[in-house]
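In: Sequence and computational prediction follow.
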Amino acid sequence: MTCVNAKKLVLETGFTFDYENLVGSGKVTIDDVVSLEEKINDAQAAIQVMRKTGVIRGHLSKDGEPEKVLFSQLPYIKAENLNSPAIIRKLKDFSASIKDRVDAVISFGIGGSFLGNKVLFDIHCGEFWNGMSNAERNGYPRMYFSGNSIDPRRTSELVENIERMAKTYHKHAGKKFCLMMIVISKSGGTLDTMSNFMVVYEALKNHEHIDIEIVAVTDPNEEKKTLLKKLAEENHWPTFAVPDGVGGRFSIFSEVGLITGACIGFDIEAFLAGAKSMDEACQRADVWQNPALLNATLKYLAAEKYGRDIEVLMPYADYLKSTSEWYIQLLAESLGKKYDRNGKIVNYGRTPIVAVGTTDMHAQTQQHQEGALNKVIQFIRVNEWDIDPVIGDMFPSAQKLTDISGIRMSQALDVALASNAQALISDYRFNATFTMPKMNAFHLGELLYMLAISIAYEGELADVDAFDQPGVEAYKRIMGPSLQKLKVK
Ligand SMILES: O=P(O)(O)OC[C@H]1O[C@H](O)[C@H](O)[C@@H](O)[C@@H]1O
């Protein structure tokens with residue numbers, strides 16, 4: 001372990017982890033990190049074994065069987081890997097087959113079968129995609145999401161919206177509106193996903209102006225077929241896989257996320273290349289040079305030694321809000337564990353919070369600055385924006401407004417972030433910043449993969465199984481029979 005005085009780790013790609021406000025006197029100290037050296041080395045070794053063999057100590061599937069953890073091979077497109085050249089070809093062919101043909105896609109899914117897809121959509125499409133013309137969307141379909149809650153009004157309004165579009169389309173184009181429904185569920189029968197799918201399918205199935213195509217994305221296991229796989233076979237729906245050994249919260253790098261990428265013309269290969277480049281950096285033995293290992297170590301120490309067990313992920317970019325929402329599941333389900341791997345009660349876990357800058361500086365920051373000293377504020381900053389308007393001098397007689405004119409919006413955003421970080425650390429409120437050089441597919445791949453592998457490292461440091469989620473079964477055991485009772489009445 002080298003001793004560093006640097007306050008940031010900068011990768012060759014430009015991705016930066018600035019930990020100046022997290023390491024030092026009154027913060028996590030270098031001595032803290034040094035004292036953890038053996039554990040850090042063990043974590044590093046364990047994750048190397050996972051990379052090579054998929055084996056992670058103590059991890060069992062939902063059925064109590066030993067299960068491999070394979071998400072770390074997803075960035076590597078190789079014949080023997082889950083993301084083989086044939087899979088990438090299949091996704092590209094799928095993309096070409098819907099371009100200029102399918103008018104709208106509804107993606108049904110929840111948790112890991114939704115969150116990553118929304119991230120890719122937001123980064124690539126932004127907020128106004130569905131209002132753009134076909135040409136502006138480059139021939140790719142409009143895209144809607146459903147199944148990520150059970151909300152009667154929203155689902156009904158989605159149906160009405162599709163009906164309205166189809167009617168107008170039919171009137172102008174004189175042909176039927178082509179609607180694709182992509183149903184994503186690893187387990188193949190999740191209530192939220194399937195109830196929405198059935199409601200929407202029933203409402204639109206025999207619509208005079210709509211042709212429906214269905215694609216199923218589920219566990220491809222032939223011996224234990226999921227309900228969704230059986231339905232796909234019976235109805236001849238094309239399928240994609242939620243690969244064996246890839247949990248929902250890591251599935252953005254698999255066919256689950258990439259199928260959304262294929263629907264919108266997102267650069268799948270650049271995204272995986274970013275993840276691969278990050279995976280290489282995250283194999284470095286020296287903790288100070290390994291972004292994920294360093295991030296995991298500092299967050300673990302901040303929580304265990306200094307009580308900072310809430311992590312606020314606060315990107316300064318509207319379209320990264322869904323990244324923060326994706327991270328909620330990653331952190332909460334991976335590390336929120338009652339037992340460690342020896343069966344001892346530890347009730348481990350750092351609580352994730354979503355925030356967005358500058359939005360939440362006007363809402364949450366009061367609490368971050370003066371509330372309980374139990375948080376790390378993790379900022380995400382974009383270094384270079386593709387579009388970056390200058391604030392014009394619209395009202396020269398208003399001095400306050402003239403003062404902010406001539407400044408780029410990104411500069412104002414940067415000043416806001418830096419001011420927030422400085423104010424927080426002036427009162428020992430731990431914070432750190434990840435900088436993405438640009439908001440594009442490659443750097444998104446880097447960022448998300450770094451967060452995913454970081455969670456794997458922290459699972460090792462805390463000695464908990466980061467790849468199961470037994471806690472979510474508790475409510476499911478109550479909910480199932482309660483739903484049955486409703487049916488009987
Ligand atoms: O993909 P599915 O099997 O439908 O699962 C969707 C989600 O629901 C479950 O309750 C789990 O807690 C999540 O980890 C999972 O991502």
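Out: That came through, no problem. From a predicted model like this one, the values you see are computed outputs, not experimental measurements.

In: quick one: the strands in the stretch 1-150 of the chain?
Out: 8-10, 16-18, 104-108, 142-146 (DSSP state E, counting those that start in this stretch).

In: Tell me which of those strands sits most buried.
Out: Most buried of the strands of the stretch 1-150 of the chain by mean neighbour count (mean count of other C-beta atoms under 10 Å) is strand 104-108; its value is a mean of 25. Where C-beta positions appear, they are placed from N, C-alpha and C, glycine not excepted.

In: could the strands of the stretch 1-150 of the chain go into a markdown table alongside mean pLDDT?
Out: Converted to a markdown table, the strands of the stretch 1-150 of the chain look like this (pLDDT from 0 to 100):
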| stretch | mean pLDDT |
| --- | --- |
| strand 8-10 | 96 |
| strand 16-18 | 97 |
| strand 104-108 | 98 |
| strand 142-146 | 98 |
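
In: Out of those strands, which is closest to residue 459?
Out: strand 16-18 (19.5 Å; C-beta to C-beta).

In: between the strands of the stretch 1-150 of the chain, which one is nearest to residue 362?
Out: Closest to residue 362 of the strands of the stretch 1-150 of the chain is strand 16-18 (C-beta to C-beta; 23.8 Å).

In: strands paired with that closest one, and their directions?
Out: Paired with strand 16-18 in the same sheet, following DSSP bridges, are strand 8-10 (antiparallel), strand 431-438 (antiparallel).

In: which one of the strands of the stretch 1-150 of the chain lies closest to the ligand?
Out: strand 104-108 (9.4 Å; C-beta to the nearest ligand atom).

In: Take the strands of the stretch 1-150 of the chain and write them to CSV, including distance to the ligand.
Out: CSV is the format used below for these (distance: least, C-beta to the nearest ligand atom, whole Å):
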stretch, distance to the ligand
strand 8-10, 30
strand 16-18, 27
strand 104-108, 9
strand 142-146, 13
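
In: In PDB, list the C-alpha atoms belonging to the host helix or strand of residue 485.
Out: Per DSSP states H and E: residue 485 is located in helix 472-488. C-alpha atoms of helix 472-488 as PDB (Å, rounded to 0.1, in the frame of the first residue of the first chain):
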ATOM      1  CA  VAL A 472     -37.500  -8.900   0.600                       C
ATOM      2  CA  GLU A 473     -39.100 -12.400   1.100                       C
ATOM      3  CA  ALA A 474     -40.600 -11.300   4.500                       C
ATOM      4  CA  TYR A 475     -43.300  -9.100   3.000                       C
ATOM      5  CA  LYS A 476     -43.800 -11.400   0.100                       C
ATOM      6  CA  ARG A 477     -44.700 -14.200   2.400                       C
ATOM      7  CA  ILE A 478     -47.500 -12.000   3.900                       C
ATOM      8  CA  MET A 479     -48.600 -10.500   0.600                       C
ATOM      9  CA  GLY A 480     -49.100 -13.700  -1.400                       C
ATOM     10  CA  PRO A 481     -51.800 -15.200   0.900                       C
ATOM     11  CA  SER A 482     -53.400 -11.800   1.400                       C
ATOM     12  CA  LEU A 483     -53.900 -11.500  -2.400                       C
ATOM     13  CA  GLN A 484     -55.300 -15.000  -2.500                       C
ATOM     14  CA  LYS A 485     -57.900 -14.100   0.100                       C
ATOM     15  CA  LEU A 486     -59.100 -11.100  -2.000                       C
ATOM     16  CA  LYS A 487     -59.600 -13.600  -4.900                       C
ATOM     17  CA  VAL A 488     -61.800 -15.900  -2.800                       C
END
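
In: Give me the residues contacting it.
Out: 62, 191, 333 (C-beta atoms under 8 Å, 6 or more residues apart in numbering).

In: Show me the residues you listed that map onto helices.
Out: The members of the contacts of helix 472-488 that map onto helices under DSSP state H are 191, 333.

In: Output the strands of the stretch 1-150 of the chain in JSON lines, with distance to residue 71 appended to each entry.
Out: What follows is the strands of the stretch 1-150 of the chain, written out as JSON lines (distance: least, C-beta to C-beta, whole Å):
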{"stretch": "strand 8-10", "distance to residue 71": "23"}
{"stretch": "strand 16-18", "distance to residue 71": "21"}
{"stretch": "strand 104-108", "distance to residue 71": "21"}
{"stretch": "strand 142-146", "distance to residue 71": "22"}
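
In: Out of those, the one nearest residue 38 is which?
Out: Nearest of the strands of the stretch 1-150 of the chain (C-beta to C-beta): strand 8-10, 21.9 Å.

In: quick one on the thing from earlier: ok, so of the contacts of helix 472-488, who is nearest residue 347?
Out: residue 333 (15.0 Å).

In: Any stretches of the protein with poor pLDDT?
Out: 1-5, 488-489 (pLDDT under 70).

In: before we move on, the earlier item: ok, and which of the strands paired with strand 16-18 has the densest surroundings?
Out: Among the strands paired with strand 16-18, strand 431-438 has the highest mean neighbour count (mean count of other C-beta under 10 Å), at a mean of 21.

In: Name the residues that touch it?
Out: By C-beta under 8 Å, 6+ apart, the residues outside strand 431-438 that reach it are 13-22, 295, 298, 376-386, 417, 421, 424-425, 443-444, 446-447, 450.

In: Likewise for stretch 40-49?
Out: Stretch 40-49 has contacts (C-beta under 8 Å, 6+ apart) with 1, 33, 55-57, 72, 283, 285, 287, 290, 293, 296-297, 453, 456-457, 460-461.

In: List only those of those residues flagged as buried.
Out: Burial by neighbour count, 16 or more other C-beta atoms under 10 Å: within the contacts of stretch 40-49 this picks out 33, 56, 72, 283, 287, 290, 293, 296-297, 453, 456-457, 460-461.

In: Looking at those residues, which are in helices?
Out: Among the buried ones among the contacts of stretch 40-49, the members found in helices (DSSP H) are 33, 293, 296-297, 453, 456-457, 460-461.

In: hang on, the earlier thing: list buried residues within the contacts of strand 431-438.
Out: Looks like those have 13, 15-19, 21-22, 295, 298, 376-382, 417, 421, 424-425, 443-444, 446-447, 450 buried, using 16+ other C-beta under 10 Å.

In: Could you report the distance from the spatially closest residue to residue 300 that is not a sequence neighbour to the ligand?
Out: Setting aside the residues directly before and after it, residue 300 is nearest to residue 461 in space (C-beta to C-beta, 6 or more residues apart in numbering), at 4.6 Å. When distance is defined by C-beta to the nearest ligand atom, to the nearest Å, residue 461 is 22 Å away from the ligand.

In: didn't residue 461 look like it was pressed against residue 33?
Out: No. Residue 461 lies out of contact with residue 33 (C-beta atoms under 8 Å); the separation is 11.4 Å.

In: joint contacts of those two?
Out: Shared contacts of residue 461 and residue 33, defined by C-beta under 8 Å, 6+ apart, comprise 40, 297.
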